[in-house]
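Colleague: For reference, the sequence and a predicted model appear below.
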Amino acid sequence: MSRYWSSITRQLTPYVPGEQPKLADLIKLNTNENPYGPSPRVLEALHAEVGDGLRLYPDPNCDALKTVIAGQYGMAAENVFVGNGSDEILAHVFLALLKHDLPVLLPDISYSFYPVYCGLYDIAYTAVPLDADFRICVDDYLQPNGGIVFPNPNAPTGCPLALSEIERLLQANPDSVVVIDEAYVDFGAESAVGLIARYPQLLVVHTLSKSRGLAGLRVGFALGSPELIAGLTRVKDSFNSYPLDKLAQTGAIAAIRDSAYFDATCRQIVRSREKLVADVSRLGFVVLPSAANFIFARHPRFEGERLAALLRERHIIVRHFRQPQRIAPFLRITVGTDAQCQALADALAEIVYMPPKSIVASGTPSC
Ligand SMILES: *Cc1c(COP(=O)(O)O)cnc(C)c1O
């Protein structure tokens with residue numbers, strides 16, 4: 001606390017991002033990055049963009065990028081909003097579209113940035129509990145609200161919600177905005193993008209950080225009716241005229257265009273996920289059904305925090321959430337390459353089959 005801080009700053013509870021370790025020899029399965037990285041075409045495009053042109057400001061409206069995204073999803077450029085990562089888009093969404101008198105509805109177990117934005121913008125929200133199977137239950141959202149937001153598939157559970165359920169929610173909720181955060185949709189869930197033409201209150205948010213392997217470039221986009229996009233643009237133009245620099249715009253265009261690389265890497269990650277689920281299930285882990293590039297798993301005999309620490313001793317980092325209590329036994333594990341997944345499964349086997357005493361001691365067997 002500092003006496004120089006504003007009262008809003010004093011009251012904030014900032015989001016805590018997953019660790020970005022400085023050590024090189026770690027197997028990093030904690031922040032859902034893509035092990036294959038961006039398409040080689042992206043790297044070529046970025047190299048070509050580095051030059052004297054950086055003297056000039058980038059296009060503030062990102063018209064070329066919006067046109068390429070619109071083409072990819074069969075929409076018009078006026079249906080597209082782009083931002084400096086989807087986190088920035090979500091921040092604008094909360095201020096532009098979700099700040100009303102009634103509370104925003106969001107799942108109690110979900111992306112923990114949503115409540116942070118509510119705190120930043122002083123927006124009331126209601127945390128709606130997931131059901132006993134950690135699923136979003138649409139019936140629980142059929143109540144008066146100032147907006148609805150959740151990821152599909154949900155994070156950190158990985159569980160997908162059927163498109164028919166999302167449509168049922170939209171039909172029952174015509175008067176406030178429904179935001180579907182599709183950060184992980186490319187790994188197997190059904191996208192709601194096809195519903196946008198019929199539901200002007202629907203906003204679908206995507207990121208290039210996961211399925212396009214570009215977390216370091218910071219690009220996200222949202223698709224929705226022109227009236228929603230215009231609202232977001234008003235906030236963006238009152239905040240930062242140039243959220244996407246020239247490299248980000250150029251790299252994102254090349255990434256969206258290379259659908260062959262995108263399809264191949266997504267398919268490979270789905271294959272690796274299925275093998276990983278089978279491998280850890282054999283070790284006694286309970287794994288929630290995942291349609292994402294991560295799995296959410298617990299072992300009946302181990303605390304989540306302990307497991308994460310034992311993995312770290314073996315140079316593997318995964319994500320553990322202490323709160324809410326219901327998910328404290330779980331680990332969220334990013335699907336890496338097959339070699340990384342194998343190293344993880346081997347480390348978990350060593351931990352699970354180790355005599356209990358030696359685990360408590362140091363993680364290495366003693367005589
Ligand atoms: C990773 C993630 C984001 C943020 O993605 P960026 O585009 O990197 O800011 C948004 N929502 C969910 C659910 C995520 O997991």
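Modeller: Cool, the structure landed. The shown structure was predicted, so the numbers you read here are calculated from the model rather than taken from an experiment.

Colleague: Let me know the pLDDT of the residue of the stretch 251-367 of the chain found nearest the ligand.
Modeller: Nearest residue of the stretch 251-367 of the chain to the ligand, counting by C-beta to the nearest ligand atom: Ala292, 8.4 Å away. No exception for glycine: its C-beta is placed from N, CA and C like everyone else's. Ala292 carries a pLDDT score of 98 in this model.

Colleague: and the stretch 151-300 of the chain, which residues reach the ligand?
Modeller: Residues of the stretch 151-300 of the chain found near the ligand (C-beta under 6 Å from any ligand atom) are 151, 155, 181, 183, 207, 209, 215, 220.

Colleague: Mind checking which of these are buried?
Modeller: Neighbour counting with 16 or more other C-beta atoms under 10 Å marks 151, 155, 181, 183, 207, 209, 215, 220 as buried within these.

Colleague: wait, isn't the first one in contact with Val179?
Modeller: Just to be clear, that refers to Pro151. No - Pro151 is beyond contact range of Val179, at 9.4 Å (criterion: C-beta atoms under 8 Å).

Colleague: Next up, phi/psi of Val80, please.
Modeller: phi -120, psi 130 (degrees, to the nearest 10).

Colleague: what's the burial count for Pro160?
Modeller: Neighbour count of Pro160, defined by other C-beta atoms under 10 Å: 23.

Colleague: how about the nearest residue to Tyr261, chain neighbours excluded?
Modeller: Spatial nearest neighbour of Tyr261, chain neighbours left out: Ser39 (4.0 Å); criterion: C-beta to C-beta, 6 or more residues apart in numbering.

Colleague: Can I get stretch 282-291 as CSV, trimmed to CA atoms?
Modeller: Extracted in CSV, the C-alpha atoms of stretch 282-291 (Å, rounded to 0.1, in the frame of the first residue of the first chain):
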residue,chain,number,x,y,z
ARG,A,282,-3.7,-46.1,-15.7
LEU,A,283,-1.8,-44.5,-12.8
GLY,A,284,-5.1,-44.0,-10.9
PHE,A,285,-5.7,-40.4,-11.8
VAL,A,286,-9.2,-39.1,-12.2
VAL,A,287,-9.3,-36.9,-15.4
LEU,A,288,-12.1,-34.6,-16.3
PRO,A,289,-13.2,-35.0,-20.0
SER,A,290,-11.1,-32.4,-21.8
ALA,A,291,-11.6,-30.7,-25.2
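
Colleague: what's it in contact with?
Modeller: With contacts defined as C-beta atoms under 8 Å, 6 or more residues apart in numbering, stretch 282-291 is touched by 134, 153, 157-160, 184, 187-189, 273, 277, 280-281, 295-301, 330, 345, 348-349, 352.

Colleague: got the buried ones among the residues of the stretch 151-300 of the chain next to the ligand as CSV, with pLDDT, distance to Leu26 and secondary structure columns?
Modeller: Listed next are these as CSV, based on pLDDT from 0 to 100; distance: C-beta to C-beta, whole Å; DSSP: H, G, I helix; E, B strand; the rest coil:
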residue, pLDDT, distance to Leu26, secondary structure
Pro151, 98, 26, strand
Ala155, 97, 22, coil
Asp181, 98, 28, strand
Ala183, 98, 23, coil
Thr207, 98, 23, strand
Ser209, 98, 19, coil
Ala215, 98, 16, coil
Gly220, 98, 26, strand
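
Colleague: Need those in CSV (columns: distance to Ile316).
Modeller: Formatted as CSV, these follow (distance: C-beta to C-beta, whole Å):
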residue, distance to Ile316
Pro151, 25
Ala155, 20
Asp181, 27
Ala183, 23
Thr207, 25
Ser209, 21
Ala215, 19
Gly220, 28
